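Trainee: Here is a sequence together with a model predicted from it:
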Amino acid sequence: MSNDRVRVRGLSIFRPIIYGNTAVVLTQKERDASPTPDHTHRWTVAVRSAASPPDGDQVGGADDLSYFIKRVSFKLHDTYPNPSRNVDKSPFELTETGWGEFEIQIRITFVTESGEKAATLYHHLKLHPWTASGEPEIPPLDVAMKLGPVHSWQYDEVVFNDPYQNFLNVLTSHPPTPLPKSKRKPVPFHLAHPASLEASKGGTPEFTMQMAKEEEERLKEARARVVEEQEKWRAMLIEKENELVDLQKRVNGIEAA
Amino acid sequence: MNVSAADIRSVFNVPDAAVAGPSQIKKPTTTVRKPEGMPRELYALIGPSTPALSAQLAKPRLKQKPNFGGIAPRTKWHVSILLSQYFVISYSSDRELRTFKNPARKGDLELRHWEKAGTDSAADYPFAKYDVQPNSYQYSLDEYTRLLEDRDWTKEETDYLLSVVKEYDSRWYIVHDRYNFPGGPERTLEDLKDRYCSVCRKLIRNRPWAGDDASKTLLISSYQFDKEREVTRKKYLKSLEDRTPDQIAEEEALYVEVKRLEQNERRFKRDRENLLRTLAGIDSGLPDIVEDDPLPLAILEGSKTKTKKTKGVAEAESPATPAATPAPTVKKPIKSAAYDAQHCIIRTETPSAAIATKAAHQPAYLRSFKLPAPKAAIAPKVTQALAELGISHTRLVMPTRENALLLDSLIEATTTLVETKRAYDKAEYEIQVLKNRLGVREKSQPAEGTEGKVEGSAGMGVDDVQVGKEAEETEGEDGRAQSILSARSGGRSRKHARRSMSISSVDTVSTRANNKRQKRN
């Protein structure tokens, strides 16, 4: 069709995704069996759809994202053999072992129909358990093992502006699984909301609409407090300004005299 | 003022003859009836010519009279309260005299009143809730220069206006009556109201708002005031009042004439249509006959095209009230909204001027990359203030569109807060400087000015000056100490931020992302 490659103006369409990693501590047996016995953790870094599958023990990934993602490249630490790993089909994830945390560059290439350039994002590989203080803490391995898998995931939305008609058709024929409305599983921990630490414990977390709602509430509350504070300060400022004007008059009066 | 009734009708854009004209003339055959609720004498006085008022003259619906349990008629009640100040009256057994405090009242005045014995004696005074304080707005110097500058108004006069309005509780006739700004020009009531409303509107619009947009728009629209329209309205009301009996009679006559013509026209048309139908069949006829032509004036002109034209012009000329002309919104069926939500589609108004070039296209991005950022100059302070509230503006748990917008308004509010604080510090500093200068002058002047003083007092004067200087110095040191403190705390917070950044995965992510974004831009 000739009008396939026409951009649909005034329309933006997004897809909720998550990216991040899950890490588990290796048992001594597993370490002995591996060619790299100094590696303490096995981790999986992934780009997935935000909603979790109804069954299964995985964060996100209810939908197959290959309808708009062609390739995801993970750039690992240089000490890994051929550190640039490309994943060309769903699931877009990579499992490795290691002993240290580092920054992973994730490059998402979109399907050709989109006509979009690749998007690059960064994820800090998280191996050690989250702490309430936010201070990094490396507990002994046996303690960490008891605490269970470590999850570090970031929700985000890929926004396409004025998509091509045929790409829009592709997208609309794959509506994303909506996030569950309420909390069924633990909350994914996020540094922007340290209070969620307790709620994040006890199993595989899941992203929900409730998290967005709660964050909205937090932001609204903060704004209400800021506005209130600002009103207080403005009143004080106005008072000071009036005082200043009076003083100025007095000073002028004296100087003129 | 020579304004004919016809002019007035056309200016008021009276849409229907039923509103403006005497309804009984429309149907001359029906007997003239007195509108309900209008006293017979009044009707005899004003006659049938003021039907516009008849709607308002309908019998007002009054609130039901309170039922005092059937024991005490109002007057007796009142007297007994008065008497109770002098005698202890044993009232009927289910009432008791209690003291109460009105929380709406300043001070600790205690009054007594009768209350039903069964009611809760600790309950608040029920009428206190009617003491509603209207919003009063104040503005800082900065806000005035930024938003409220006006050629016709000085800041002093605006201050004065706001204080008068506040004092008289926005009762505009009183405000106008008492308004007396020395040296200011003569202001009409509309001038005052216009200035006041525009000041309030601008302040509300430009200040950070804690609630949602709808309530903000609502508040702004409550301060809507169209001065031109108000002036015109009063002018025409006045001219309506000032009509001479002759003019009224002429208007009446003209109106009857119009109605008659209208009727003739209609009858003629009907006849013609009937004729056509009988001649050419049921389907023919004049389809564009308008049965009730709303504009009798247009019929006077005679032609149909003229009618349409007049209508269009009248509509265009009619003063647009903000409430009457809502912004043209593209109403989408609910089904489509649900579809959009399902597919995560957001539709925006396309500017028609947008040229479809490749360069203008905004590439695909991750929502969190476009999170709003505070102005670089005050970014550390904003970050610090937000951190106190447990919000980090560089990252969101769920960077949805709504949350990103909320964050934007939060940052905006915080920016205003930081700027207000800064202005406050500046004003305080200037006050200190002035006070010191004042102190120095007031102390030194009498010492220098009066010659006949003993040396001791002069010495004391010098001492005083020194004290003043010392005070200034300590003040300066204080200021310096403060600035050091703040610098130190700033440094600490920055260090802290850096540390937390290094430990936090997401922070580094976002900073990198920002770098990336900058590079790309």
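Mentor: Looks like it arrived, so ask away.

Trainee: mind checking how far residue B:386 is from chain A?
Mentor: 7 Å (Cβ to the nearest Cβ, to the nearest Å). Just so you know, the C-beta spots here come from the backbone N, C-alpha and C atoms, and that holds for glycine as well.

Trainee: For the host helix or strand of residue B:228, buried residues please.
Mentor: Taking DSSP states H and E as the criterion, residue B:228 maps to helix B:227-241. With burial defined by 16 or more other Cβ atoms under 10 Å in any protein chain shown, the residues of helix B:227-241 counted as buried are B:230, B:236, B:239.

Trainee: mind checking how far the residue in the stretch 1-150 of chain A that chain B sits nearest to is from residue A:18?
Mentor: Distances between the stretch 1-150 of chain A and chain B by Cβ to the nearest Cβ are smallest at residue A:124, namely 2.7 Å. Between residue A:124 and residue A:18 the computed distance is 15 Å (Cβ to Cβ, to the nearest Å).

Trainee: and what of residue A:132?
Mentor: On the measure of Cβ to Cβ, residue A:132 and residue A:18 end up 23 Å apart.

Trainee: try residue B:390
Mentor: 23 Å.

Trainee: swap in residue A:46?
Mentor: Taken as Cβ to Cβ, the span from residue A:46 to residue A:18 is 8 Å.

Trainee: Can you pick out the residue with more neighbours from the two?
Mentor: A side-by-side neighbour count of residue A:46 and residue A:18, using other Cβ atoms under 10 Å in any protein chain shown, places residue A:46 first with 25 against 20.

Trainee: which one of the buried residues of helix B:227-241 is nearest chain A?
Mentor: Using Cβ to the nearest Cβ as the measure, the one of those that approaches chain A most closely is residue B:230, at 30.1 Å.

Trainee: Name the nearest residue to the closest one, ignoring sequence neighbours.
Mentor: Using Cβ to Cβ, 6 or more residues apart in numbering or on different chains and skipping the chain neighbours, the partner closest in space to residue B:230 is residue B:190 (5.3 Å).

Trainee: helix or strand for the one you found, which one?
Mentor: Assigning secondary structure by DSSP H and E places residue B:190 in helix B:189-206.

Trainee: what packs against that helix?
Mentor: Contacts of helix B:189-206 with other secondary structure elements, assessed using 3 or more Cβ pairs under 8 Å, 6 or more residues apart in numbering or on different chains; DSSP states H and E, are made with helix B:155-167, helix B:172-178, helix B:213-222, helix B:227-241.

Trainee: Between those helices, which one is closest to residue A:179.
Mentor: Ranking those by distance to residue A:179, with Cβ to Cβ as the measure, places helix B:213-222 first at 24.9 Å.

Trainee: Could you list the buried residues of the closest one?
Mentor: In terms of neighbour count (16+ other Cβ under 10 Å), helix B:213-222 has its buried residues at B:219-220.

Trainee: C-alpha coordinates for it, PDB please?
Mentor: Extracted in PDB, the C-alpha atoms of helix B:213-222 (Å, rounded to 0.1, in the frame of the first residue of the first chain):
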ATOM      1  CA  ASP B 213      -5.900  21.700  36.700                       C
ATOM      2  CA  ALA B 214      -9.700  21.700  36.800                       C
ATOM      3  CA  SER B 215      -9.900  23.400  40.200                       C
ATOM      4  CA  LYS B 216      -7.400  25.900  39.100                       C
ATOM      5  CA  THR B 217      -9.400  26.800  36.000                       C
ATOM      6  CA  LEU B 218     -12.500  27.000  38.100                       C
ATOM      7  CA  LEU B 219     -10.900  29.400  40.500                       C
ATOM      8  CA  ILE B 220      -9.500  31.500  37.700                       C
ATOM      9  CA  SER B 221     -12.900  31.700  36.100                       C
ATOM     10  CA  SER B 222     -14.400  32.900  39.300                       C
END
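
Trainee: what residues does the stretch 1-150 of chain B put near chain A?
Mentor: For the stretch 1-150 of chain B, the contact set with chain A under Cβ under 8 Å from any Cβ of the partner chain comprises B:138-141.

Trainee: Which member of the residues you listed is positioned nearest residue B:174?
Mentor: Distances from residue B:174 to the residues of the stretch 1-150 of chain B next to chain A, taken as Cβ to Cβ, are shortest for residue B:138 (21.0 Å).

Trainee: what's the nearest residue to the closest one if we skip its chain neighbours?
Mentor: Spatially, and ignoring its direct neighbours in sequence, residue B:138 is nearest to residue A:238 (5.0 Å; Cβ to Cβ, 6+ apart).
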